[in-house]
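Undergrad: missing the sequence, but the structure's below:
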């Protein structure tokens, strides 16, 4: 069943097919040595970015979790070669958050952890997520380096469970989308081209899982990945 109602199932089906065709086109050029040497890395990086967009679009369209987890693990395996935590903060944040909700294995999680810890950034939110799986990673001495909208999650993390749910709902309904106004994907659903793959606050789901929140009041709230938080109870 479709999870993101901003677009319909046909749209997401066509979007995913379009991105897969782009990957195939890029890969054929790489295999045929038709890409200039100084462009090879950029093309491979683009392929990985397209795979990530397909993953999110698959979640938006209602794809089964077994398929999504396989796609996710493939992306993680290549992240160290193509993803820069300092340049693509939201991508690393989403991958960590999705990994927490999918309960990925330690090897996959450690790949993401190492990417973050090797960075010069000492970001509170990233380190908080890592701390859930590795208690040796301190987050309390860090700050929210990307304040909008993520600093508002401090009102969730530092509160009791009942207050945290209320604060998380406020974050989702009042802070998250507008707080990402400078992101490349902001308002992308209005474009005529097929560029949209879904609006999801994956970090909200990860925090709800970490804090073991009673998130029934968040079911159906825009941007909240409810069934991903509870994926082991969902079909697939």
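TA: Done, it's in. Owing to the predicted nature of the structure, the values given are computational and were not obtained by experimental measurement.
Undergrad: where does residue 3 land in three-state SS?
TA: The local conformation at residue 3, judged by DSSP: H, G, I helix; E, B strand; the rest coil, is coil.
Undergrad: quick check: closest non-adjacent residue to the spatially most central residue of the chain.
TA: Geometric centre of the chain, nearest residue: residue 94, 2.3 Å, by C-alpha atoms, centre = their mean. Leaving aside its chain neighbours, residue 94 sits nearest to residue 202 (4.7 Å; criterion: C-beta to C-beta, 6 or more residues apart in numbering). C-beta here means a position set from N, CA and C on the backbone, and glycine is covered the same way.
Undergrad: also residue 194?
TA: The shortest distance from residue 194 to any non-neighbouring residue, by C-beta to C-beta, 6+ apart, is to residue 15 (4.7 Å).
Undergrad: confirm residue 63 sits in a helix?
TA: No. Counting by three-state DSSP, residue 63 is located in no helix; its state is coil.
Undergrad: and the gap between it and residue 186?
TA: In this structure, residue 63 and residue 186 are 24 Å apart, going by C-beta to C-beta, to the nearest Å.
Undergrad: and these two? which has more neighbours close in?
TA: For the pair residue 63 and residue 186, the greater number of neighbours falls to residue 63 (19 against 14), based on other C-beta atoms under 10 Å.
Undergrad: if I look at the more buried one, how far off is residue 35?
TA: Using C-beta to C-beta, residue 63 is found at 30 Å from residue 35.
Undergrad: cool, residue 49 as well?
TA: According to C-beta to C-beta, residue 49 stands 16 Å off from residue 35.
Undergrad: just give me the neighbour total for residue 171.
TA: By other C-beta under 10 Å, the residues close to residue 171 number 23.
Undergrad: and it, helix, strand or coil?
TA: At residue 171 the chain is in helix, as set by three-state DSSP.
Undergrad: looks like residue 23 contacts residue 47 (just checking).
TA: Yes. In this structure, residue 23 is within contact of residue 47 by C-beta atoms under 8 Å, at 5.4 Å.
Undergrad: and the two? Which one has more around it.
TA: Between residue 23 and residue 47, residue 47 has the larger neighbour count (other C-beta under 10 Å), namely 20 against 16.
Undergrad: do I have it right that that one meets residue 25?
TA: No. Applying C-beta under 8 Å as the test, residue 47 and residue 25 come out as separate, 10.0 Å apart.
Undergrad: show me where pLDDT drops low in the protein?
TA: Applying pLDDT under 70 to the chain flags residues 85-87, 120, 234-236.
Undergrad: how close does residue 149 get to residue 6?
TA: The value you get for residue 149 to residue 6, if C-beta to C-beta is used, is 19 Å.
Undergrad: kindly report the same for residue 66.
TA: Taking C-beta to C-beta as the measure, residue 66 falls 25 Å from residue 6.
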